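*Asks:* Have a look at this prediction, sequence included:
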Amino acid sequence: MQGLYYDGLESTAHPAEVQLEAGNLIIEADGQVLTWSATDLFVDVHADQARLSRRGSDARLVLPASDWQRLSAGRASLRRNSAAGGRGLVIGLMVAAAATALVVFVGMPMASGPLARATPLTYESQMGESYNAQISVIFPRCAGEEGQDVLQRLADRLSAQSGSPFPIQARVVRAPMINAFALPGGHILITGDLIDAAESPDEVAGVLAHEIAHVERRHVMQSVWRSLGAGMLLDLVVGGGTGAGQQAVLLAGQASELSFGRQAEAEADEIGRVLLHRQGLSSRGMGDFFVRMAEEEIDAPDQVDEVSEWWMTHPNTERRIAAARAAQQDGASALSQQEWETLRSTCRSDQGEDARRPRLPIVVGRPRNDPMPNEPQQVGQH
Amino acid sequence: MSPRPEVLGGESPIPATADTPSPEPASDVWNAEIEPGQAESIGQRVVFSTTLKARDFLKISLVNGFLNIITLTLYRFWGKTEVRRRVWRSIRVNDEAFEYTGRGKELFFGFLLASLLLGVPFLAFVFAVQFLDERFSLLLLPLYLFGFWLWGFGMFTAFRYMASRTTWRGIRFVLFGSASTYGFLWLGMQVANGMTFGWIQPVFERLLAEQVWNHMRFGDRPFRWNQGRSERIGLYGPFAMGWFGTLVVSVVALIVIGVVIAGNQALFGDLFNEAQAGAEGNTKAGPVSPEFLLVAMIYGAILMLLPIWALIWSPYHAAVLRSITAGISLDEARFDMEAGALSLWWLTCTNIVMIVFSLGLLMPLVQARTARYLARRLRSIGNARLDEAHQAPPGPRTAEGLADAFGFSLI
């Protein structure tokens, strides 16, 4: 059979006579005879050509595909040239993937708690200062200092018997959303819109106690460890690509983080209620607030941006409401009427600046026992 | 009967010899460059052909997608290598196929190396900013610029790796030159583009191509970059068309969107009323909020605008393909890419549709279509001493890790 032989040293084509004898390929080219063992061969048949090579050698033999198929008929042992890898490779990669998944979805979430507790407090404080400086630019502190004092005093009371390793520094901020945040190192931010949307001081106290619990349990630090460890590992494994497989894996990672977030929220609710009860305060406000946020999200889709912001960062609605209702206890009101009015006025002097910001209105129904009957019914729209 | 390769322009795949005169050059540009007698010098004509059928890549697209998912995408290095191998073997010069000799594990180890090189400094930076002193964030700008340089560096090393794993007649291609210089050029392009609103881009397209093609060799036969020939295919006309076209289309699109939003109440009055009624507790609101409709409209508008933007820019991209190809020579052989704006536009649009609706699964199919598009339009005049190349030294053992980390891949 005729073919073309390339010696791997020069690009010159050498016409060759090829035979397959006793498991060896005999190549005669330019008066030389070469013997390639069939067991060493890699064969790639494509279109009208069969390309033969040996591992580690640049030499190539090109034959008409039909001739090669005739010559090699019945020889199943010839290796097909492929980069796809075999079953062993796929199984090995699946094992590596399973190990990675185990680290990402189980190992790091389990380790994040001990890692957070082992993180030096000075590191977390420094990190909190850094976050706080950045977030203060976006969400400035409201100017009503008397109201700020009311909130801080309430925070001091609630955190007095907590195990928080950091002093709690609470403040009301201007932000176009109903939400509250705990930063690393004990900073707690409650938006003016949340205070406006709250119908009683107990609701604000419930939210504040919940955020203090996040600080006590160092949930933010745990999240940092998870994103540094599991998140980066996952990012590294999938690379920077945007294919379907990569997106699916990243989505799975986000789902895992969301699941862990739900556990943290439930834990913060539970500890928050304990903090309220230790001070003899009512914990009914917590459940009331959750229920109303959930109802408003369903009933008023034009508020969806503001209200859903709360649920995006505080998920697992129904279970949390049920838990809040089951564990709630009566007690004293968190603030006096005067303190409550002072707190609600914390962001009022910022109205001018707020008016310049585009925002969505939020409409809430007037409760039967409205503590501020003279307030306009539409709140959140200054 | 075995399939035969598709030969460009219906020409014979049989290599021409010194006794076979070259055909007429494809255009005046080529005529101008060929001196009397040059076309009949020693060497062979370079005739491209392809056996590539895009539909053959459907199965491997699905198989790779499945294996990527069950291996947390770790299989991608082997999948990508197999796609390259299949594309390379489907493109021929003088009826002799190219061969891709890369291995999946080379890509994998390159990726591990790059992860270490990128991951450790990144972690150190995050740690320093978050835990030590926020003034470390001042390093962000230099790191940002370093990232641009690294991107270019990664691209060049990926080119170098791919060249070293490409053989023809058993002889390797090799890319010399400095990845660092390429990185600085890439960085310079980003900065200069920012300062000139993109108007420097055509200049850099050629500068970057020069860095590659002036340092590329087939074995020991050097490719050459000829700036003059490349510049004969003007880029600024099509670029201006794309730039001003984008401006006009964007302004028109904004006006249309503004008018639609202004007329929102009239267009979606019922939905707004329903939502308002729900807010006031009179009735249950509908399931669709006006905000959702607005977002849907914006995405719809972007999807509608994509083909228009692709159409506006396709003359430029086709001109870049022609200009870069025109600047390349091997011995006396020059090259020509007959890429037209409309054909490129159609390829781009259909590729986008395939990628979007398959969520990226059909990427190998898209890459095969693109390779086929280019291979079918690539022509050459003049002779190259294809028979006289000697083997090049082996290429890098691992590579492309940076490119993978950045999500950059030609194919």
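*Replies:* All right, it came through fine.
*Asks:* Check which residues of stretch A:264-273 are buried.
*Replies:* A:264-265, A:267-269, A:271-273 (16 or more other CB atoms under 10 Å in any protein chain shown). Heads up, the C-betas are built off the backbone N, CA and C, glycines and all.
*Asks:* Tell me where the longest strand sits in chain A.
*Replies:* strand A:14-21 (DSSP state E).
*Asks:* sorry, back to before: quick one: which two of the buried residues of stretch A:264-273 are the most distant?
*Replies:* For the buried residues of stretch A:264-273, the maximum inter-member distance is 15.2 Å, found between A:264 and A:273 (CB to CB).
*Asks:* Strands along the chain, start to end?
*Replies:* Reading this off chain A. Under DSSP E, chain A gives strands at A:2-6, A:14-21, A:24-29, A:32-37, A:41-46, A:49-54, A:60-64, A:79-80, A:169-173, A:180-182, A:187-191, A:362-363, A:378-379.
*Asks:* that answer is for a different chain, and I need it for chain B
*Replies:* Going by DSSP E, chain B shows strands at B:6-7, B:44-45, B:48-50, B:91-93, B:96-100, B:166-168, B:171-175, B:216-218, B:221-225, B:328-330, B:333-337, B:378-381, B:383-384.
*Asks:* what's near enough to touch residue B:239?
*Replies:* With contacts defined as CB atoms under 8 Å, 6 or more residues apart in numbering or on different chains, the neighbours of residue B:239 are B:199, B:201-202, B:316.
*Asks:* Could you rerun that using 10 Å?
*Replies:* Counting by CB atoms under 10 Å, 6 or more residues apart in numbering or on different chains, residue B:239 touches B:198-199, B:201-202, B:205, B:313, B:315-316, B:319-320.
*Asks:* Out of the residues you listed, name the ones that lie in helices.
*Replies:* Mapping the contacts of residue B:239 onto helices (DSSP state H) picks out B:201-202, B:205, B:313, B:315-316, B:319-320.
*Asks:* between these, which is nearest residue B:114?
*Replies:* Comparing the ones in helices among the contacts of residue B:239 against residue B:114 with CB to CB picks out residue B:205 as the nearest, at 26.1 Å.
*Asks:* Grab the nearest non-local neighbour of the closest one.
*Replies:* Of all residues not flanking residue B:205 in the chain, residue B:320 sits nearest, at 5.3 Å (CB to CB, 6 or more residues apart in numbering or on different chains).
*Asks:* Could you list the low-pLDDT ranges of chain A?
*Replies:* Within chain A, the ranges that satisfy pLDDT under 70 run A:74-79, A:239-259, A:296-316, A:350-382.
*Asks:* Domains of it: list them as residue ranges, please.
*Replies:* Domain assignment for chain A by automatic domain parsing gives A:2-80, A:95-379.
*Asks:* Most tightly packed of those domains?
*Replies:* Mean neighbours per residue, mean count of other CB atoms under 10 Å in any protein chain shown, is largest over the domains of chain A for domain A:95-379, with a mean of 19.
*Asks:* Let me know the pLDDT of the residue lying closest to residue B:99 once chain neighbours are set aside.
*Replies:* Leaving out its chain neighbours, the residue that sits closest to residue B:99 by CB to CB, 6+ apart is residue B:167, at 4.7 Å. Residue B:167 carries a pLDDT score of 97 in this model.
*Asks:* who touches residue B:167 in this structure?
*Replies:* Counting by CB under 10 Å, 6+ apart, residue B:167 touches A:6, A:8, A:11, A:53, A:58, A:60, B:88, B:97-101, B:173, B:218-219, B:391-392.
*Asks:* and if you look at residue A:151?
*Replies:* So residue A:151 contacts A:142, A:144, A:170-172, A:188, A:190, A:195, A:204-205, A:208, A:335, A:339, A:342-343, A:346 (CB under 10 Å, 6+ apart).
*Asks:* any weak-confidence spans in the stretch 201-350 of chain B?
*Replies:* Within the stretch 201-350 of chain B, the stretches with pLDDT under 70 are B:264-294.
*Asks:* how deep is residue B:80 tucked in, by neighbour count?
*Replies:* 24 (other CB atoms under 10 Å in any protein chain shown).
*Asks:* Give me the distance between it and chain A.
*Replies:* 9 Å (CB to the nearest CB, to the nearest Å).
*Asks:* Apart from its neighbours in sequence, what residue is nearest that residue?
*Replies:* Excluding its sequence neighbours, the residue lying closest to residue B:80 (CB to CB, 6+ apart) is residue B:107, at 6.6 Å.
*Asks:* How about stretch B:164-181, which residues are buried there?
*Replies:* Neighbour-count burial for stretch B:164-181 [16+ other CB under 10 Å]: B:164-175, B:177, B:179.
*Asks:* measure it end to end?
*Replies:* In stretch B:164-181, first residue to last residue: 19 Å (CA to CA, to the nearest Å).
*Asks:* Touching, residue B:336 and residue B:324? I think so.
*Replies:* No. Using CB atoms under 10 Å as the test, residue B:336 is too far from residue B:324 to be in contact (11.1 Å).
*Asks:* Find residues that contact each of the two.
*Replies:* Contacts common to residue B:336 and residue B:324, judged by CB under 10 Å, 6+ apart, are residue B:233.
*Asks:* quick one, phi/psi of residue A:177?
*Replies:* phi -160, psi 160 (degrees, to the nearest 10).
*Asks:* As a check, name the ranges of all helices in the stretch 101-250 of chain B.
*Replies:* For the stretch 101-250 of chain B, the helices defined by DSSP state H, counting those that start in this stretch occupy B:104-127, B:140-164, B:179-196, B:201-213, B:227-231, B:236-262.
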